[in-house]
Structure formats: structure tokens, C-alpha cells
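Chemist: Next comes the sequence, and after it the predicted model I'd like to discuss.
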Amino acid sequence: MKFTLKIWRQENAKAKGEMISYDVAGISPDSSFFEMLDTLNQNLVMTGGDPVAFDHDCREGICGTCSLYINGRPHGPVKGVTTCQLHMRSFTDGDTIHIEPWRAKAFPVVRDLIVDRSAFDKIIQAGGYVSVNTGGVPDANTIPVPREKSEAAMDAAACIGCGACVAACSNASAMLFIGAKISHLALLPQGEVEAAKRVQKMVASLDELGFGNCSNTYACEAECPKGISVSNIARMNRQFIGAKLFAEKEKIVRDSL
Amino acid sequence: MLLYSSIAKKVFMAMAGLFLVSFLCVHLGINLMLLKDDGGRAFTEAATFMGTNALIKIFEIVLFAGFLIHIFFGMLVSGQNKSARPTLYAVSNHSDTAPFSKYMFHSGIIVLIFLVLHFFDFYFIKIGLVAPPPGVSAHDFYHRTLLLFASPWYSLLYIGCFVVLGIHLNHAIQSAFQTLGWNHSKYMDSVKLLGSIYSFVIAAGFTLVPVFILFFRR
């Protein structure tokens, strides 16, 4: 197969970038999108060019490192997969493929197709954890968890933090990400204890980082490679409203969460 | 108000929006009295009640507050959303979303323009800010309406605005439920369906009046 690629090239965070056109040929339909890009980079290196920088790590759809906004959709045209799990057979021979980095104020471009997603880490640092002292391994089943709750928590925990939700959102909002992170903790007894503080801390952090607001278009859910449901956003909204109305104000300031 | 969190701003917007949605139902009820062939007696009586009843007068302030809150936060949130993506994509988004859900700001602006027009056509005349057209008294909403809808262009503009409002509401109602956290596997599908039906009834109901006047009252 052969393709015309239009790729965003940007020297560094400060440089002005542009879309550059490349041709690749002899691509197997069974090669992955990244193997296709590897071929392009190999050609570029061989001809003395500058290889295209893009994020990738596990290449098996579980680490959340890969990104790429392909023909107007994060992670490309196939629903429920990350870019690394996208194969060239999903395209037609001779296609022109536009490849851009995630676009959001909170995700500045580092180089070419790589963006800095440490804004997500800052949100997690603000409260996306459970404060328990480590010690001996607790006995199994000392804390009963209903089956449905553990399933719902696991569904939310499937979020790999890739940022496709932000990339797809017309407002560059991170609501699906934070909704998933808040839900998977709040649904379990261990996380429920700090739920009211957590939601306030994490939403405050989210607002500081310059993400947009949610306008419920649900593009995030449509593009999430892990199929995270927007009902997690509603759960967060419920918790947030509840926390603002009923949680003790002073304690939040004094505690060190 | 600028310092409220993203969720709080949306919650205020959603609550004000749901209030405005309920008001539309009352307004539609009065408008439909125009269809009654009684020379505008029922309509005028209803309009007089709405214009003079003390409780309604107080509620009028609440209604204006509802509009202001919804419009203010709508503008604020939309502005922040725009600035959250300073560099746009070369290829516009192709994600599978509900049609028009991304254009709430645009449909909102059209409805706002209509609202301003509506104020000039009725409310400002009623309170004496704008002179009524010749031959119509300031409080005669019935003949004022007939006069406006006598123009097919005005009727068409009016209908167009209500189609846009219907589209706005179709996304807005379920969106308000989601924002307020009332998304539940048991009833969210019903909320979406009933919201769509309600939006259709509102748009169709308001549209019925100029169509009826155009074809049956000339």
C-alpha cells in the first residue's frame, strides 16, 4: 500500500510548526500505524532527513503513551483502539492521511507529534490516590465490595490517561479523564473515605491547568480507546455538588490531602 | 463569579436553563390561546393577568435573572472553552457526536438575537420604552401579534428562530441532567427521549401560531 502523509512538524515547543507532506510506499496492510511511521522515519534517516517524533511505548494498547490525531479523530478511524493498535488495512490504498498532535492549551507541543501531558499527572497529584499507611498485607475479603461496584470501578480504572478525550473535545476539556479517576476510587470503600475532598481538590487543579469546560457533546466517550462512559462525569458532578454543599469547609484547608 | 469552578458555572447554567425551559411551557400555553377564534379575548385576558398579577410580577424578576445567569455563564464558559485550544486542528473533528451538540453557543446567540427582537416588539412597548405602531395601543398584544405575523418575512424569521431553539433545547435538556449529575442507567435514555419530544413540542407549538395566522386569519 502507499500513502500520502501530511504530518505536523515542529522543531521544539517555541518553534512555529507546519504540516509537511511525505509519501510512503510498500506498506503491508497488516503493519501497524507505527510500523508505517517507522518505515517513513527509516526512509528519512537514510536520506539524511529528520525523523518524525511521536510518542509510543508498549505498542499493545495498555500504556496510554501513544497519541496522534489522525484525519480528525484521536487514535484514528477505528473505535475503541489506541493508535498503536491501528492497522493500515483500516485505510484505503493511496489515501492521504493527516497526522496532528493533540491540541490543547494544557498539552503544549514538545516536538512534532509529541505533547506534554504532565497536566494529567498534576491532576492525579492533587488527589487521585488513597491515603493509607502501608503495612502488612490485609486479609482478603476483610472489606466487602459489592460485585456491581467493583465492576463499575474497574470500568473507570480502565482509563490509560492517553488524553484522547481532551483531544476529541471541542473545548479541550479533561472531564472524562478526571471523571474516570474520581469514579474508580470513589466507588470502592477504600476511596470513599476521601471522596469529598478528592473531588474538590482534583477539580480545582483541573481548572488551574487551563482545560475547557464540559459541554456534554460526548465526543470523549466516542473516542476513548477504553470506552469510558460519560456517566463517570455525571458521578463526579454529583459528588462535587454534594461536597460543595455538605462537606466541612475548614477540615479541607487543614488536612494535608 | 469568574472564580467559580468549571462545574459550578455549568451547574448554575443548567439550573437557570431548566427554569427557562419550564417558562417556555407557560409562554406556549398563552400563545396557543391566539388560535382560539374569539377576537383575542382569551389571549388578552391571559396577557393582562401575566402583566398585572403581583406574584407574576415578582416572578418576572426571577425570570430575567434566569436569562441573565444563563447567558452570562454561557458566554463565560464558551470563552474559556475557546481559549482552551489556542491552536486549532488542520482537519476539523470527525468524532461521532450528536448533530448540533457542538453548536450550542451559536444556536444560543441566534436565540439571544430573537430575544432582543422580541423585547423590542412587545416588552419595551409595554413598559413605554418604545412607541407602539400606529393604531395599536401599548397593551394590545393581540393586534400587535396579528400585525407582526401579517408579514410573511417576519413569520419566517420567527419560525426559523424557533427551529434553532428546538435544536438548542434538544441537546440542552439532557445536557442539564448530565451536568447536575442526574445521569443514571435506569432513566437517562428516557430523559433524552422526553427532552427531544419536549423540544419538538415547544418548537412546533410556537411555530403553529404564525402558520395558523398566515393561512386562516387573513
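Modeler: Looks like it came in fine.

Chemist: do you know how far the residue lying closest to A:Tyr22 once chain neighbours are set aside is from B:Leu88?
Modeler: Counting by CB to CB, 6 or more residues apart in numbering or on different chains, A:Tyr22 lies nearest to A:Leu5, which is 4.6 Å off, once chain neighbours are set aside. C-betas here are computed from N, CA, C, even on glycine. Counting by CB to CB, to the nearest Å, the gap from A:Leu5 to B:Leu88 is 20 Å.

Chemist: Between the two, point out the one with more neighbours.
Modeler: Each of A:Leu5 and B:Leu88 has its neighbours counted (other CB atoms under 10 Å in any protein chain shown); A:Leu5 has more, 19 against 11.

Chemist: What secondary structure category should be reported for the more buried one?
Modeler: Of the three states, A:Leu5 takes strand under DSSP: H, G, I helix; E, B strand; the rest coil.

Chemist: Endpoint to endpoint, stretch A:6-15 covers what distance?
Modeler: Start-to-end span of stretch A:6-15 (CA to CA, to the nearest Å) is 18 Å.

Chemist: any idea which element the closest residue to A:Tyr129 other than its chain neighbours lies in?
Modeler: Using CB to CB, 6+ apart and skipping residues adjacent in sequence, the residue nearest A:Tyr129 is A:Leu185, 7.7 Å away. Element membership of A:Leu185 [criterion: DSSP states H and E] is helix A:175-186.

Chemist: just checking, next helix/strand downstream of that helix?
Modeler: Downstream of helix A:175-186 (by DSSP H and E), the next one is helix A:189-192.

Chemist: Off-centre distance for that next one?
Modeler: 24 Å (CA atoms, centre = their mean, to the nearest Å).

Chemist: which of the residues in that helix are buried?
Modeler: For helix A:189-192, a neighbour-count test (16 or more other CB atoms under 10 Å in any protein chain shown) marks A:Gly191 as buried.

Chemist: Which other helices and strands does that helix contact?
Modeler: With contacts taken as 3 or more CB pairs under 8 Å, 6 or more residues apart in numbering or on different chains; DSSP states H and E, helix A:189-192 sits against helix A:175-186.

Chemist: can you rerun that using 10 Å?
Modeler: helix A:147-157, helix A:175-186 (3 or more CB pairs under 10 Å, 6 or more residues apart in numbering or on different chains; DSSP states H and E).

Chemist: okay, those helices in TSV with mean pLDDT and mean neighbour count next?
Modeler: Below are the helices and strands packed on helix A:189-192 laid out as TSV (pLDDT from 0 to 100; neighbours: other CB atoms under 10 Å in any protein chain shown):
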stretch	mean pLDDT	mean neighbour count
helix A:147-157	96	15
helix A:175-186	96	26
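
Chemist: what does stretch B:131-150 rub up against?
Modeler: For stretch B:131-150, the surrounding residues in contact (CB atoms under 10 Å, 6 or more residues apart in numbering or on different chains) are B:30-31, B:33-34, B:39-44, B:46-48, B:50-52, B:121-122, B:124-128, B:130, B:154-155, B:157-158, B:209-214, B:217-218.
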